[in-house]
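Novice: Would you be able to build a 3D model of this:
(one chain, ligands or ions: 1)
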Amino acid sequence: MIDVLENKSRSDADFVTRKPLPPERLDALSRDILTRKKELNAIILAHNYQVPEIQDVADFVGDSLGLSQQAAKTNADVIVFCGVHFMAETAKILNPNKIVILPDKDAGCSLEESCPAPKLKALQDTNPNFYTVTYINCSAEVKALSDVICTSGNAVKIVNAAPKDRDLLFVPDENLGAWVMEQTGRPMTLWRGSCYAHVEFTHAGIVRIRQEFPEAPLVAHPECVKAVRMLADEVCSTEKMVDFCKRSPAKAIIIATEAGMIHRLRKECPDKRFIPAPVANCRCNECKFMKMNTLEKLYDCMVNLEPRIELSEEIIRRARLPIERMLEISSKPLENAG
Ligand code: SF4
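Specialist: Numbering: from 1, shown residues only. Okay, the predicted model is just below:
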């Protein structure tokens, strides 16, 4: 493995304190957002980790794969992307002629930060036989250096489809990469990046919550460390978590991913209890970047059409190829994926 950049650790100061909106303000803002959406012929896409009130006004709520697929096929003139910056960039790459806006342009990602394009290029230059499989949580410049993009929902399929005669380089999430190696049996060089929020789940914390709820199965995101993944009944993307929870006969399920997922799960499976896996001394696990978006900022960005994603034609052209390769492989049946 390559030690490229240390991940930032999380402190209490990182957390965004949110006060719930008064119900009448929440209703009025939500109505105004939907009116503005019609005026703009816009589509609102929201990631599963967004705050509940944003999920509730979105046209589509999903994981990175689902959101990319929606972005690729939309007829809207304006894409309002409620997620983090790299996700809105992906929508722009797929829709260069559309306006793509997001509520807060500073909503970043620890994985994106861990992998600057010049450092990736320097590593790629050490081995011309590298085939770079890049998790979608990265900048447009890093996408432009990649052979294929993947999400947590399709990473196994994408790696299985990678050319057999190439040396695989997986960036930037070493935990997702390690899990994909376990699933596929393909050795890969792993970039040493991680999601600062998912690595907060610990083996000890998960053991404790499992003892407290012995009947509840545990579902974990592959961005969690191996010591946590090995205690899970299912390791999967957030979208597949929805399927798992719908199918499971269990009345209560422990969820080891970002806390915003619980809102989606409660809506999709109202008869089940969802228990957020604990981190440190509490039971919440929020991504400070995802939580930078608020309903007020969403409304403001739709009024001002700012902040807006702007990328050079050159970056769009080069970054689009590996994303389209991913979407093509993802849409194929498993046996034909290669
Ligand atoms: S949850 Fe982790 S991977 Fe997702 S945006 Fe936040 S820091 Fe990045």
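Novice: Please list the residues of the stretch 51-200 of the chain that sit near the ligand.
Specialist: For the stretch 51-200 of the chain, the contact set with the ligand under CB under 6 Å from any ligand atom comprises 84, 109, 110, 111, 137, 195, 196, 197. From N, CA and C alone the C-beta is placed, and that goes for glycine too.
Novice: Farthest pair within those residues?
Specialist: 84 and 196 (12.5 Å; CB to CB).
Novice: Settle it for me: which of the two has more neighbours?
Specialist: More crowded of residue 84 and residue 196, by other CB atoms under 10 Å: residue 84, with 26 against 21.
Novice: For the closest residue to that one other than its chain neighbours, pull up the helix or strand it's in.
Specialist: Sequence neighbours aside, residue 107 is the residue nearest to residue 84 in space, at 4.4 Å (criterion: CB to CB, 6 or more residues apart in numbering). Using DSSP states H and E, residue 107 sits within no helix or strand.
Novice: So which of the residues of the stretch 51-200 of the chain next to the ligand belong to helices?
Specialist: 110, 111 (DSSP state H).
Novice: for the residues of the stretch 51-200 of the chain next to the ligand, which one is nearest residue 257?
Specialist: Minimum distance to residue 257 across these is 8.6 Å, recorded for residue 197 (CB to CB).
Novice: That closest one is in contact with residue 286, isn't it?
Specialist: Yes - if you go by CB atoms under 8 Å, residue 197 and residue 286 touch, sitting 7.2 Å apart.
Novice: where do the contact lists of the two overlap?
Specialist: Residues touching both residue 197 and residue 286 (CB atoms under 8 Å, 6 or more residues apart in numbering): residue 258.
Novice: For these two, indicate the residue with more neighbours.
Specialist: residue 197 (25 against 20).
Novice: Just list the residues touching that one, thanks.
Specialist: 10, 110, 258, 285, 286, 287, 288.
Novice: before we move on, what about residue 173?
Specialist: 111, 135, 137, 191, 193, 194, 195, 223.
Novice: of these, buried ones?
Specialist: Buried subset of the contacts of residue 173 (neighbour count, 16 or more other CB atoms under 10 Å): 111, 135, 137, 191, 193, 194, 195, 223.
Novice: Mind pulling the model confidence for the nearest residue to the third one once chain neighbours are set aside?
Specialist: When you say that, I think you mean residue 137. In space, and not counting its chain neighbours, residue 137 is closest to residue 111: 4.0 Å by CB to CB, 6+ apart. Here the pLDDT value assigned to residue 111 is 97.
Novice: I figured residue 111 was touching residue 138, is that so?
Specialist: Yes - at 6.9 Å, residue 111 and residue 138 qualify as touching, with contact defined as CB under 8 Å.
Novice: what's the overlap in contacts for those two?
Specialist: Shared contacts of residue 111 and residue 138, defined by CB under 8 Å, 6+ apart, comprise residue 172.
Novice: Show residues contacting stretch 224-238.
Specialist: With contact meaning CB under 8 Å, 6+ apart, stretch 224-238 is reached by 48-49, 62-63, 65, 151-153, 175, 178-179, 194, 198-199, 201-203, 206-207, 210, 217-222, 240-241, 244, 256-257, 261, 264.
Novice: let's see it at 6 Å
Specialist: Identification of contacts with stretch 224-238 by CB atoms under 6 Å, 6 or more residues apart in numbering yields 48, 63, 152-153, 175, 198-199, 201, 203, 206, 217-220, 222, 244, 256, 261.
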